[in-house]
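Asks: show me how the following folds:
(2 chains)
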Amino acid sequence: MANHFPNEAEATHDHISSVGSSVAIWLILLVFTGLTVGAAFIDLGPLNTVVALTIATIKATLVVLFFMHVKYTNEKLVPLVIVSAIFFLFLLLGLSMGDYATRVWR
Amino acid sequence: MHTSSTAVAENHAHDNPALLHHFSTEAQQRNAASLGMWVFLAQEVMFFGGMFCAYLVYRFKYPADFAAASKSIAILPGAVNTAVLICSSLTVVLAVRAAQLGKRKALVAWLLLTIFLGLVFLGIKGYEYHDKYVEHHIPGPSFHFDGDLIDHPGVPASQAHTQMYFSLYFAMTGMHALHMIIGVGIFAYLAWMAWRGKYGAEYYTPIENSGLYWHFVDIVWIYLFPLIYLIDRHK
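Replies: You can find the predicted model right below:
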């Protein structure tokens, strides 16, 4: 057939995760879970929160890229939707805290 | 489009019945379904984001009370539940893979294992909620928190402020658990339809999209676990 969507010429098959790579990601996620529990008992001052959220973000990124197949998606709008969601989440958190954190007169 | 409408129609004639007439290819149809699911998940990010924002604001406002309340929660059930959810994400990945490869029995098995792990999570969550009930940590008339402010030993934590912590605790973990219950229901339906042979290499969109939902709920927990159980533990 005539191809109206050139970028779909190579995209007739979706990526199929291999068992090996899925198990590897699973093990990494479990290791990071152990790490974050261990790190929680070490006193790093304000860095405890930073370490915990950094590990959580690494885990979430692995889940999104590999388990949710975003690394291999043919649909180029999916990354845009994800970036938009993160952007608006930070807008919500950032502007709210920009208000509450600066109410020194109260 | 006008030059090739016949070609499109002929192409459809060879294709599987799952390919709807307004899509050119199976890949295009799958991509459209996937994009729609992602837009739904973006909305879910904003939904949970509102509660995370409330948690952030109050934690910033009452840090010592929140630390005291957070330290009263046992860490082990939360850690086990995190591992259980990560395992269930793996079984979802393997379910999607089984569907893509057209392995019907493997698909049903992975879906059932996912449901089992989801129920284990909810069981442990119920056990934790029961602890909160016994300890009078459920917000309401019988709420009572015994404990000192973390930075000031001897100064009891505020009942109102610790109650706010537990209100947010129940709102966030409760809404997450509701998503788990819905997920278990969806997966039960999928397992039934998979058993009847509805899904295979040519049509597995419901498996793929429900999998995305399950992984998203896993990600919410990946953030809830450190925020609720861990970040005040060192104090």
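Asks: tell me which residue is most central in chain A.
Replies: Residue closest to the average C-alpha location in chain A (Cα atoms, centre = their mean): residue A:61, at 3.0 Å.
Asks: which SSE is it in?
Replies: helix A:47-62 (DSSP states H and E).
Asks: now residue B:82
Replies: Counting by DSSP H and E, residue B:82 is part of helix B:75-100.
Asks: who does the helix or strand following that helix touch, helix- and strand-wise?
Replies: Sequence order places helix B:104-134 as the next helix or strand after helix B:75-100, per DSSP H and E. If contacts are counted by 3 or more Cβ pairs under 8 Å, 6 or more residues apart in numbering or on different chains; DSSP states H and E, helix B:104-134 sits against helix B:75-100, helix B:159-195. No exception for glycine: its C-beta is placed from N, CA and C like everyone else's.
Asks: circling back to that earlier point, near chain A at all, the helix holding residue B:82?
Replies: Yes - for helix B:75-100, a contact with chain A is found by Cβ under 8 Å from any Cβ of the partner chain, at B:75, B:79, B:82-83, B:86-87, B:89-90, B:92-94, B:96-97, B:100.
Asks: out of those residues, who's the most crowded?
Replies: Note: the member of the residues of helix B:75-100 next to chain A with the most neighbours is residue B:92, at 30 neighbours, neighbours being other Cβ atoms under 10 Å in any protein chain shown.
Asks: need the contact list for that residue.
Replies: A:67, B:110, B:114, B:211, B:214-215 (Cβ atoms under 8 Å, 6 or more residues apart in numbering or on different chains).
Asks: repeat that for residue A:32.
Replies: Listed by Cβ under 8 Å, 6+ apart, the contact partners of residue A:32 are A:55, A:58-59.
Asks: what do you get for residue B:182?
Replies: Going by Cβ under 8 Å, 6+ apart, residue B:182 touches no other residue.
Asks: what about it, distance to residue B:196?
Replies: 22 Å (Cβ to Cβ, to the nearest Å).
Asks: can you list the weak-confidence ranges in chain B?
Replies: Within chain B, the stretches with pLDDT under 70 are B:1-15.
Asks: and the single longest helix found in chain A, does that touch chain B?
Replies: In terms of residue count, the longest helix belonging to chain A (DSSP state H) is helix A:77-100. Yes - Helix A:77-100 lies within reach of chain B by Cβ under 8 Å from any Cβ, at A:77-78, A:81-82, A:84-86, A:88-89, A:92-93, A:96-97, A:100.
Asks: CA atoms of that helix as PDB?
Replies: Presented in PDB, the C-alpha positions along helix A:77-100 are these (Å, rounded to 0.1, in the frame of the first residue of the first chain):
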ATOM      1  CA  LEU A  77       4.300  11.700  21.100                       C
ATOM      2  CA  VAL A  78       4.600   9.500  24.100                       C
ATOM      3  CA  PRO A  79       7.800  11.100  25.400                       C
ATOM      4  CA  LEU A  80       6.200  14.500  24.900                       C
ATOM      5  CA  VAL A  81       3.200  13.400  27.000                       C
ATOM      6  CA  ILE A  82       5.600  12.200  29.800                       C
ATOM      7  CA  VAL A  83       7.700  15.400  29.700                       C
ATOM      8  CA  SER A  84       4.500  17.500  29.900                       C
ATOM      9  CA  ALA A  85       3.200  15.500  32.900                       C
ATOM     10  CA  ILE A  86       6.500  16.000  34.700                       C
ATOM     11  CA  PHE A  87       6.600  19.700  33.800                       C
ATOM     12  CA  PHE A  88       3.100  20.400  35.100                       C
ATOM     13  CA  LEU A  89       3.800  18.300  38.200                       C
ATOM     14  CA  PHE A  90       6.800  20.500  38.900                       C
ATOM     15  CA  LEU A  91       4.700  23.600  38.100                       C
ATOM     16  CA  LEU A  92       2.200  22.500  40.700                       C
ATOM     17  CA  LEU A  93       4.800  21.600  43.400                       C
ATOM     18  CA  GLY A  94       7.100  24.500  42.600                       C
ATOM     19  CA  LEU A  95       4.600  27.300  42.600                       C
ATOM     20  CA  SER A  96       2.700  26.000  45.600                       C
ATOM     21  CA  MET A  97       6.000  25.800  47.600                       C
ATOM     22  CA  GLY A  98       7.100  29.200  46.200                       C
ATOM     23  CA  ASP A  99       4.000  30.500  48.000                       C
ATOM     24  CA  TYR A 100       4.000  28.500  51.200                       C
END
